[in-house]
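> 3D, please:
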Amino acid sequence: MEKIATILTDFPEKFGIPRQSGRIEALKGKIVFEPKFATPDAVKGLEKYNYLWLLWKFDISKDLPFRATVRPPRLGGNTRVGVFATRSPFRPNHIGLSCVKLERIAVEDGRPYIYVSGIDMANGTEILDIKPYIPYTDLREDAVGSFAEEYKDYALHVTFPDELLQRFPEEKRAGIFAVLSDDPRPSYQDDPERIYGVSFAGFNVQFKVSDKTLTVISVTPLS
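Alright, predicted model coming up:
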């Protein structure tokens, strides 16, 4: 397969990225095509859709031997299920699938750029293909979500001091707040004294979690 584009996002590393696309609409991405595919003709008509499927490469997943079972974080990290019953990044082929919202397409200096929201990818992730989301075939009203459905409303209460939140540009604040609320920690970690750090939009946010309340303790620029 050939890389067709790269997506630019606010996540320089894996920790903190939502476990599913579309969960946090405030998270934005910009798709930059490789020179070979950077022609407006390749995206002609795409503006008539408002959601896209992105197929991409898990660039930052460890290259591990095949394992038939994995431990989904939302099941506490201790329950094993079949790898093909999950969206774990540790797969035989490192291919990701995301449904994102198409915000706009811009043509600059003769090159198309696609702006999307609801991303779940690190900065610099390789895009392998782009396909339109078609409601009458892709939406299944009788679909069953298994254990993923049970945890869709899970969220932490976030205490984010205003003087720390304001260090982020205004257009990034909803995104970092939602990332923290979604609980980026591995589910099997529950030490109220442990300090975690999420890198987002040029800053590192350190926090603690106790009794389903996440408290931000510092925001520092990334070096």
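> and the closest residue to residue 37 other than its chain neighbours, how many neighbours?
Spatial nearest neighbour of residue 37, chain neighbours left out: residue 4 (4.8 Å); criterion: CB to CB, 6 or more residues apart in numbering. Using the backbone N, CA and C atoms, a C-beta is placed for each residue, glycine as well. Using other CB atoms under 10 Å, residue 4 has 19 neighbouring residues.
> same deal with residue 156?
The number of residues packed near residue 156 is 18, by other CB under 10 Å.
> Test my guess that it contacts residue 177.
No: with contact defined as CB atoms under 8 Å, residue 156 does not reach residue 177; the gap is 10.8 Å.
> how does this protein divide up, domain by domain?
5-138, 154-221 (automatic domain parsing).
> out of those, which comes closest to residue 147?
Minimum separation from residue 147 across the domains of the chain (CB to CB) falls at domain 5-138, 6.1 Å.
> The top strand by length along the chain - contacts with which helices or strands?
Counting residues, the longest strand found in the chain (DSSP state E) is strand 95-108. Taking 3 or more CB pairs under 8 Å, 6 or more residues apart in numbering; DSSP states H and E as contact, the helices and strands that strand 95-108 lies on are strand 51-57, strand 111-117.
> For the chain, which segments count as helices?
Secondary structure of the chain (DSSP state H): helices at 135-138, 146-150, 162-165, 170-181.
> what angle separates the longest one from strand 111-117?
Compare the direction of helix 170-181 with that of strand 111-117 by axes from the mean of the first three to the mean of the last three CA atoms, to 10 degrees and you get 50 degrees.
> So for helix 170-181, mean pLDDT?
In this model, helix 170-181 has a mean pLDDT of 97.
> which outside residues touch that helix?
10, 16, 18, 24, 26-28, 155-158, 160, 165-166, 168, 198, 200-201, 203, 205, 207, 214, 216 (CB atoms under 8 Å, 6 or more residues apart in numbering).
> got the buried residues for it?
Residues 172, 173, 175, 176, 177, 178, 179, 180, 181 are the ones in helix 170-181 that count as buried (16 or more other CB atoms under 10 Å).
> Make JSON lines from those residues and add distance to residue 137 to it.
Listed next are these as JSON lines, based on distance: CB to CB, whole Å:
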{"residue": "172", "distance to residue 137": "35"}
{"residue": "173", "distance to residue 137": "37"}
{"residue": "175", "distance to residue 137": "31"}
{"residue": "176", "distance to residue 137": "35"}
{"residue": "177", "distance to residue 137": "35"}
{"residue": "178", "distance to residue 137": "30"}
{"residue": "179", "distance to residue 137": "31"}
{"residue": "180", "distance to residue 137": "36"}
{"residue": "181", "distance to residue 137": "33"}
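> Residue 117: which of those is nearest?
Nearest to residue 117 out of the buried residues of helix 170-181 is residue 175 (CB to CB; 9.5 Å).
> Put together TSV for the helices of the chain, with distance to residue 221 on each row.
As requested, the helices of the chain are exported to TSV (distance: least, CB to CB, whole Å):
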stretch	distance to residue 221
helix 135-138	41
helix 146-150	35
helix 162-165	12
helix 170-181	13
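> If anything else comes up later, I'll come back, but that's it for now.
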